[in-house]
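Student: sharing a model prediction with you, sequence too.
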Amino acid sequence: MFEPNELVSLISQIPPSIEEMVVVKAEEKPAGWEPNGAEGQLSVDVAETETELIIVATMAGTKPENIELHLHNDFLTIRGRRQSPVSASEHYFYQECFWGTFSRTIVLPVDVLGSEAQSEYARGILTIRLPKASHMRGNIPIMVVEE
């Protein structure tokens with residue numbers, strides 16, 4: 001797949017609407033990402049076609065500049081932060097929405113070409129398309145070696 005410590009940008013062709021999306025190196029520790037802090041888990045859908053892996057995540061209320069994508073070996077990590085439109089001093093009768101930082105790390109089920117990945121963030125939905133590294137399906141040929 002990828003060389004160790006190689007980070008592949010998932011945003012090779014950024015649409016103008018998400019130019020502010022941030023991609024950082026795995027070694028960097030962005031401000032605000034606390035390893036021991038409370039963090040919500042992002043819900044995702046992972047699907048495939050014959051030629052690509054498709055990851056979809058709903059992130060309503062998240063600004064594009066507060067989204068980070070990391071691809072390292074066969075792990076994809078999506079991180080984000082969203083702020084409540086209601087001040088913390090308000091009295092809640094119900095509070096079911098998660099506000100603050102969230103993330104999700106996905107073990108990719110197939111090898112992908114990270115350098116050709118594309119992402120789109122529209123109407124609060126992040127869609128990541130990762131082309132498959134191999135389209136080979138079915139039986140694996142056996143090479144017979146004479147002794």
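Tutor: Here it is on my side, so go on.

Student: hmm, who's touching stretch 54-64?
Tutor: 17-21, 42-48, 67, 76, 78, 80-83, 85, 104, 106, 121, 124-130 (C-beta atoms under 8 Å, 6 or more residues apart in numbering). (Each C-beta comes from the backbone N, C-alpha and C, glycine too.)

Student: so which of these are in strands?
Tutor: 44-48, 67, 76, 78, 80-82, 104, 106, 121, 125-130 (DSSP state E).

Student: buried subset of those, written for ChimeraX?
Tutor: Listed next is the ChimeraX selection for buried residues among the ones in strands among the contacts of stretch 54-64, using 16 or more other C-beta atoms under 10 Å:
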select :67,76,78,80,81,82,104,106,121,126,128,129,130
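
Student: in a helix, residue 115, correct?
Tutor: Yes - assignment of residue 115 by DSSP: H, G, I helix; E, B strand; the rest coil places it within a helix.

Student: tally of neighbours for it?
Tutor: If you count neighbours by other C-beta atoms under 10 Å, residue 115 ends up with 12.

Student: any idea how far residue 82 is from it?
Tutor: Distance, residue 115 to residue 82, using C-beta to C-beta, to the nearest Å: 29 Å.

Student: what does residue 44 give?
Tutor: Taking C-beta to C-beta, one finds residue 44 at 16 Å from residue 82.

Student: tell me where the protein has helices.
Tutor: With DSSP state H as the criterion, the chain has no helices.
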